[in-house]
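Trainee: return atomic coordinates for the entry below.
(chains A and B)
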Amino acid sequence: MRDVAVIGVGCTTFGEKWDTSFRDLFVEAGALALEDAGVSGEQIGAMYVGNMSAGRFIEQEHIGALIADYAGLASTHIPSTRVEAACASGGLSFRQAFISVASGLEDIVVAAGVEKMTDVASGASVDALAGAADREWEGFVGATFPGLYAMIAHEYMSRYPLTREQLAQVAVKNHYNGARNPIAQFQQEISLETVLKSTLVADPLRLFDCSPITDGAAAVVLAPLDLARKFTDTPVRVLASAQASDTIALHDRRDISTLDATVAAGRRAFAMAGITPKEIDLVEVHDCFTIAEICAIEDLGFCRKGEAGRLTEEGVTALDGDLPVNTSGGLKACGHPVGATGIKQVCEVVMQLRGQAGKRQVDGARIGMTHNVGGTGATVAVHIMGV
Amino acid sequence: MSSVARFWRKIPQRYNLIGTRCTTCGRYFFPPRSFCPDCRRAGKIVSYKFPGTGTVVTYTIIRTASEQFEQMTPYALAIVKLDEGPLFTAQLVCSPEEARIGMRVRPVFRRISADGESGVIHYGTKYVPEE
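Mentor: Sure, this is the predicted structure:
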């Protein structure tokens, strides 16, 4: 297997982009990534695109061919493949691109992610997202995504000492980081009170515990490490790529408030990279809801079960803490265009490791991690990158 | 609008809590599985009708719902552990304040949702407090 590096990243701004179409989104992100990498279209050997539900959101399928076409690559006839794993579609798109380069089959490969969510009304998007869980036995009886994570939160809080304030601090911290990220959907800081007084969505989760509905796209360019320096002075090496699956329905899990797929993917990634959690300088975790960040920090092995709330309250996961979590603002503040999120996480880690993260830069960051979850934990992708 | 056949084919399971059981290892499944994750091909699966009583493992009160359920909010949703072991998701027929972890519940046959005013009405199992 060859060593692989990320040589270019590009991301649109995230938000409710009424004037921007699905096609505009991925063309913009792709062009930014190619420009960043100094790669021309003819040099691309293959493309992968993470997308959860264009069929439901814009009534368009066959996304692989569509993006190659509108990226101006129809005449090169490159293989272009859509990858779907609900909210983990982006993470899996990155992994497929990694495998393609590592195997030696292709040299320059683009991994993208895109989601255009605001062309449908809110009720319709809630229903489309419910398809990431078990439609027949969860969605059918009225389970929503916030509802499923709320049940994780209730179960967690009945077993571990997590306070409502500690949970809210996750959102406060991520908005602080988002306020320092020019692509973030929400670039304003919020107070604990804002979270605690926001409207209840699914008890105990409130509006400010939830990631928003977002339009956005992100793309990265991968190359074999030995070719990477031809394109960039700052290649970021992919140290590990891991993926794991679990039961589609939350009710079938071994433990309701532990994401075993996160545990498995995290262990595999640390083993592949040959490092321990202590060596990670920053991590982008999948905080679709505040409780999800708490579970992720623990399930990835950064602390024991039941401790992440206290660590968050003490500032350990803040920008200037020992383990900065979600420097981009996370899904909560940066936004969550579901198929694009996993690629945006890679963009953030690459920018941090290159020292290009501006006001949210983690000083001296050498090793970063991404954690991307599909559904309530039925698919998890974890990547470790380093310079 | 959802397909009629898709819901019709699960009527025995939804109306009568008919699940399955692996006679090789004795494990019960609801929702039903036709393949035992423990015994795999060595498993022998038979159908099993659950009496349906169980305990609430966790719950939430849904206040923002998808289109089909918007008119019913707020409603309580729970993961119920059946006495034979399997867990599954169902609505609770009780006030939001009444719902709690550890509550003993029994199944009732109820209307779950409808596809608009003239569409198909979907029925299934909800849960009420046992006492």
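
Trainee: could you pull out the helices for chain A?
Mentor: A:22-37, A:54-57, A:63-68, A:89-102, A:122-130, A:145-159, A:164-178, A:192-197, A:225-228, A:260-273, A:290-299, A:308-313, A:330-334, A:338-354 (DSSP state H).

Trainee: highest average neighbour count across those?
Mentor: Among the helices of chain A, ranked by average contacts under mean count of other CB atoms under 10 Å in any protein chain shown, first place goes to helix A:330-334 (a mean of 32). (C-beta placed from N, C-alpha, C; glycine too.)

Trainee: next, count neighbours for A:Ser40.
Mentor: Number of residues near A:Ser40 (other CB atoms under 10 Å in any protein chain shown) recorded here: 9.

Trainee: report pLDDT for the residue nearest to it when sequence neighbours are not counted.
Mentor: Excluding the flanking residues, the one nearest A:Ser40 by CB to CB, 6 or more residues apart in numbering or on different chains is A:Leu34, at 7.2 Å. Per-residue pLDDT puts A:Leu34 at 97.

Trainee: now do A:Gly339 against A:His77, distance only.
Mentor: 24 Å (CB to CB, to the nearest Å).

Trainee: where does chain B dip in pLDDT?
Mentor: Filtered on pLDDT under 70, chain B yields the residue ranges B:1-2.

Trainee: assign the residue lying farthest from the centre of it to helix, strand or coil.
Mentor: Going by CA atoms, centre = their mean, the residue of chain B most distant from its centre is B:Ala42, 27.6 Å out. Three-state call for B:Ala42 (DSSP: H, G, I helix; E, B strand; the rest coil): coil.

Trainee: mind listing what it touches?
Mentor: B:Thr24 (CB atoms under 8 Å, 6 or more residues apart in numbering or on different chains).

Trainee: which positions in chain B make contact with chain A?
Mentor: Within chain B, the positions adjacent to chain A are B:7, B:10, B:14, B:31, B:57-70, B:72, B:75, B:77-79, B:87-91, B:96, B:101, B:112-113, B:122, B:124, B:126 by CB under 8 Å from any CB of the partner chain.

Trainee: elements contacting the one helix or strand in chain A whose mean pLDDT sits lowest?
Mentor: Across the helices and strands of chain A, mean pLDDT, DSSP states H and E gives its lowest value to helix A:122-130, namely a mean of 87. Secondary-structure packing of helix A:122-130 (3 or more CB pairs under 8 Å, 6 or more residues apart in numbering or on different chains; DSSP states H and E): helix A:54-57, helix A:145-159.

Trainee: show me what B:Thr55 bridges to in the sheet.
Mentor: Assessed by DSSP bridges, B:Thr55 has beta-bridge partners B:Lys81, B:Arg104.

Trainee: check contacts around it.
Mentor: With CB under 8 Å, 6+ apart, B:Thr55 has these contacts: B:Val80, B:Lys81, B:Asp83, B:Gly102, B:Met103, B:Arg104, B:Val105.

Trainee: show me what counts as buried in the helix or strand encompassing B:His122.
Mentor: In this structure, B:His122 sits in strand B:121-129 according to DSSP states H and E. Of all the residues in strand B:121-129, those buried under the rule 16 or more other CB atoms under 10 Å in any protein chain shown are B:His122, B:Tyr123, B:Gly124, B:Thr125, B:Lys126, B:Tyr127.
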